[in-house]
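A.B. asks: next input, structure requested:
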Amino acid sequence: MRSATHARGAACAAVVALAVTACGGGGGSGGGGGESGVLSSSWGDPQNPLEPSNTNEVQGGKVLDMIFRGLKKYDPKTGKAEDMLAQKIDTSDSQNFTITLKDGWTFSNGEKVTAKSFVDAWNYGASLKNNQKNAYFFGYIQGYDKVHPDSGSQSAETLSGLKVVDDRTFTVALNQKFSSFPDTLGYAAFAPLPQSFFTDHAGWLAQPVGDGPYRIESYTKGSQMSLKKWDGYPGADKAQNDGVTLKVYTDSDTAYTDLIAGNLDLVDDVPASQLKNVKSDLGDRYINTPAGIIQTLAFPYYDSAWSRSGAEKVRTGLSMAINRKQITDTIFRNTRTPATDWTSPVLGADGGFKEGLCGSACDYDPAQAKRLIQEGGGLPGGQLKITYNADTGSHRMWVDAVCNSINNALGNDKACVGNPIGTFADFRNQIGRHKMTGPFRAGWQMDYPLIQNFLQPLYYTNASSNDGKWSNKDFDKLVDQANAQTDTGKAVSTFQQAEEVVRDNMAAIPLWYQNGSAGYSERLSNVALNPFSVPVYNEIKVS
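C.D. replies: This is a model prediction of the structure:
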């Protein structure tokens, strides 16, 4: 449940500062990393402290992927869920699971990873009083309604469906069948936590301790985070470098300029303004690869203007007013593909991607767009304002292009305008406080390669990343039915029926599928992006 938006930093303030460094927009010592064996990479401050169950955006997720390992790990090439700390996950009914851990795993502070490490972490993440953004991911475990009720106060402190059997074994009882449950367990929300997280929470937040190949050495908000290789890491996927310095940039063009100048080793989000130059600048050191990311326009259904009768025609008309091909060709230069559904081609047909599911609603048809918008009662307030964070130039470019396309379709050059918000953090905070009055840029970077992950967290009633508060009983019912299927093919087809409900209501406007793009310096080799578009940091070598 990661919002596929690239956080760009806030004001320089040492909120979590272990070693205070100079504040700046990512400038640095020559040679990128500044240290032999350490690489430097562009980054943006996370929205929240790095609690696994409270991080649902990309920038924080990058760090969690480096400092934590869970029961499963997603293959960096295929995205397939493979056992990591799990020795085995057994079930006879897709509802009750027995999880056995591998022996020999510890956290970087030397504490042993046990079944209790997982059970305590999951109970913390689910608890209403802890107000974790990813609490919803524990919703299928028995007792969730008691620890995280929809209304009122919680009546239990722990999930009744979690039981520690011994140091290496625990059981999970779900409140319904969920055949794909094991495949979700590589997501960071399900990571284990050491006892120091609970006994000295403030201290842990100041210097998070995990069980992954890296440990955090220091972090100064607005400046950089330093991660170093953990020599005692017990996993097979050990770091092939000495560490990673994540440098905060408030502008992606500046990061790219620093890469070209030799002040940065890795940029994992090549700005649209540089796509015309990137091949000549970097040659084979430019990566452009498909990723499990979709960009959309979301709507605030808590505003009656967008939940009223007829508004679905307005939303569908707006979708048909957007010339996706022209925008992806001219602005994004083959790093985006016009969306024809609400998932991603990375899933493949067997995984749930159904090309063309959106149908004519995603075809550019300005005449039909204008007619539908008029039939639906016109634009609420007479003007459409698309809200986006302005701390990266690419968003301004495509929002302006989308508005131009809508304006041309409606024959009114003021029908649609961009509504920029200064920083990613402010943008996400306003979304979280339900302050949107019109469509806002949204996107999704898959947490795991299942069609369920593209639909349920975003559109299920009160789901954790359902920022617009869309709700539809037919959709919810189909999702529940799909999750209960033990046959993978039947589960996928039922999820596709649920996706058709999203389409028929145009719950969000799909824009384009996003490739992962990156560029790197001559110091680096073995650089790749995984199917989530995140650099495989532990495999990068530094010369």
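
A.B. asks: what's the following helix or strand after the helix or strand of the chain with the lowest mean pLDDT?
C.D. replies: Ranking every helix and strand in the chain by mean pLDDT, DSSP states H and E puts strand 2-3 at the bottom, with a mean of 47. As assigned by DSSP states H and E, the chain's next helix or strand after strand 2-3 is strand 38-43.

A.B. asks: show me the strands in the stretch 251-400 of the chain, by range?
C.D. replies: Listed in chain order, the strands of the stretch 251-400 of the chain (DSSP state E, counting those that start in this stretch) span 266-267, 286-298, 336-338, 384-389.

A.B. asks: winner for burial among those?
C.D. replies: strand 266-267 (a mean of 28; mean count of other Cβ atoms under 10 Å). In short, each C-beta sits where N, CA and C put it, glycine included.

A.B. asks: chain center to that strand, what's the gap?
C.D. replies: Offset of strand 266-267 from its chain centre (Cα atoms, centre = their mean, to the nearest Å): 19 Å.

A.B. asks: quick one: list the elements packing against that strand.
C.D. replies: With contacts taken as 3 or more Cβ pairs under 8 Å, 6 or more residues apart in numbering; DSSP states H and E, strand 266-267 sits against strand 38-43, helix 252-261, strand 509-520.

A.B. asks: point out the most buried one among those.
C.D. replies: Stretch with highest mean neighbour count among these: strand 38-43 (a mean of 26; mean count of other Cβ under 10 Å).

A.B. asks: what's the average pLDDT for that strand?
C.D. replies: For strand 38-43, mean pLDDT is 97.

A.B. asks: tilt between it and helix 252-261?
C.D. replies: 160 degrees (axes from the mean of the first three to the mean of the last three Cα atoms, to 10 degrees).

A.B. asks: gap between the next helix or strand after strand 38-43 and the chain center?
C.D. replies: Next helix or strand after strand 38-43 toward the C-terminus (DSSP H and E): helix 58-67. A distance of 10 Å separates the centroid of the chain from that of helix 58-67, by Cα atoms, centre = their mean.

A.B. asks: can you list the strands of the stretch 251-400 of the chain in CSV and add mean pLDDT and distance to residue 212?
C.D. replies: Converted to CSV, the strands of the stretch 251-400 of the chain look like this (pLDDT from 0 to 100; distance: least, Cβ to Cβ, whole Å):
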stretch, mean pLDDT, distance to residue 212
strand 266-267, 97, 19
strand 286-298, 94, 21
strand 336-338, 94, 31
strand 384-389, 96, 29
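
A.B. asks: to residue 313, which of those lies closest?
C.D. replies: strand 384-389 (14.4 Å; Cβ to Cβ).

A.B. asks: if we look at that closest one, which residues are touching it?
C.D. replies: Applying Cβ atoms under 8 Å, 6 or more residues apart in numbering, the external contacts of strand 384-389 come out as 5, 8, 297, 318, 395-396, 399, 402-403, 406, 415-424, 426-428, 430, 436-441.

A.B. asks: got a quick PyMOL command for the buried subset of those?
C.D. replies: In PyMOL syntax, the buried subset of the contacts of strand 384-389 is picked out as below (16 or more other Cβ atoms under 10 Å):
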select buried, resi 5+8+297+318+395+396+399+402+403+406+415+416+417+418+419+421+423+424+427+428+436+438+439+440+441
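
A.B. asks: tell me which of the contacts of strand 384-389 fall in helices.
C.D. replies: In helices, judged by DSSP state H, the following of those are found: 318, 395, 396, 399, 402, 403, 406, 424, 426, 427, 428, 430.

A.B. asks: so which of these is the closest to residue 175?
C.D. replies: Residue 175 has its nearest neighbour among those in residue 428, at 30.3 Å by Cβ to Cβ.

A.B. asks: pretty sure the closest one contacts residue 58?
C.D. replies: No - shown here, residue 428 and residue 58 do not form a contact pair, counting by Cβ atoms under 8 Å, at 11.1 Å.

A.B. asks: for residue 391, give me the pLDDT.
C.D. replies: Looking at residue 391, its pLDDT reads 79.

A.B. asks: that one against residue 428, yeah?
C.D. replies: No - counting by Cβ under 8 Å, residue 391 does not reach residue 428; the two are 11.6 Å apart.

A.B. asks: ok, residue 201 - how many residues close by?
C.D. replies: Other residues near residue 201 come to 13 when the count uses other Cβ atoms under 10 Å.

A.B. asks: and the gap between it and residue 495?
C.D. replies: 38 Å (Cβ to Cβ, to the nearest Å).

A.B. asks: all helices of the stretch 201-350 of the chain, in order?
C.D. replies: With helices called from DSSP state H, counting those that start in this stretch, the stretch 201-350 of the chain shows them at 201-206, 252-261, 278-282, 304-307, 311-320, 324-330, 348-351.

A.B. asks: packing partners for the first one?
C.D. replies: Think helix 201-206. Packed next to helix 201-206, using 3+ Cβ pairs under 8 Å, 6+ apart, are helix 196-199.

A.B. asks: CA-only coordinates of the helix it packs on in CSV, if you can.
C.D. replies: Provided in CSV are the C-alpha atoms of helix 196-199 (Å, rounded to 0.1, in the frame of the first residue of the first chain):
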residue,chain,number,x,y,z
SER,A,196,13.7,-2.2,21.9
PHE,A,197,10.9,-0.9,19.7
PHE,A,198,8.5,-1.4,22.6
THR,A,199,10.8,-0.7,25.6
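
A.B. asks: for that helix, name the packing helices and strands.
C.D. replies: Looks like helix 196-199 contacts helix 115-126, helix 201-206 (3+ Cβ pairs under 8 Å, 6+ apart).

A.B. asks: if we can go back for a sec, CSV for the helices and strands packed on strand 266-267, including distance to residue 500?
C.D. replies: Compiled in CSV, the helices and strands packed on strand 266-267 are given as follows (distance: least, Cβ to Cβ, whole Å):
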stretch, distance to residue 500
strand 38-43, 38
helix 252-261, 36
strand 509-520, 13
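
A.B. asks: closest one to residue 236 among the ones you listed?
C.D. replies: Closest of the helices and strands packed on strand 266-267 to residue 236 is strand 38-43, at 21.0 Å (criterion: Cβ to Cβ).

A.B. asks: what does the closest one contact?
C.D. replies: 26, 28, 32-34, 59, 62, 224-225, 228, 241-249, 252, 255, 259, 264-269, 523-524, 535, 537, 540, 542.

A.B. asks: list only buried entries from those.
C.D. replies: The buried subset of the contacts of strand 38-43 - by 16+ other Cβ under 10 Å - is 26, 28, 32-33, 59, 62, 224-225, 228, 241, 243-249, 252, 255, 259, 264-269, 523-524, 535, 537, 540, 542.

A.B. asks: which one of the helices and strands packed on helix 196-199 is the most hemmed in?
C.D. replies: helix 115-126 (a mean of 23).

A.B. asks: elements contacting the helix or strand following that one?
C.D. replies: Next along the chain after helix 115-126, taking DSSP H and E as the criterion, comes helix 144-147. Here helix 144-147 touches helix 115-126, going by 3+ Cβ pairs under 8 Å, 6+ apart.

A.B. asks: what helices or strands is the helix it packs on leaning on?
C.D. replies: strand 96-101, helix 144-147, strand 162-166, strand 169-173, helix 196-199.

A.B. asks: dump the helices of the stretch 201-350 of the chain into JSON lines; add distance to residue 135 and mean pLDDT as well.
C.D. replies: Formatted as JSON lines, the helices of the stretch 201-350 of the chain follow (distance: least, Cβ to Cβ, whole Å; pLDDT from 0 to 100):
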{"stretch": "helix 201-206", "distance to residue 135": "17", "mean pLDDT": "95"}
{"stretch": "helix 252-261", "distance to residue 135": "32", "mean pLDDT": "94"}
{"stretch": "helix 278-282", "distance to residue 135": "40", "mean pLDDT": "96"}
{"stretch": "helix 304-307", "distance to residue 135": "25", "mean pLDDT": "95"}
{"stretch": "helix 311-320", "distance to residue 135": "29", "mean pLDDT": "98"}
{"stretch": "helix 324-330", "distance to residue 135": "35", "mean pLDDT": "95"}
{"stretch": "helix 348-351", "distance to residue 135": "26", "mean pLDDT": "89"}
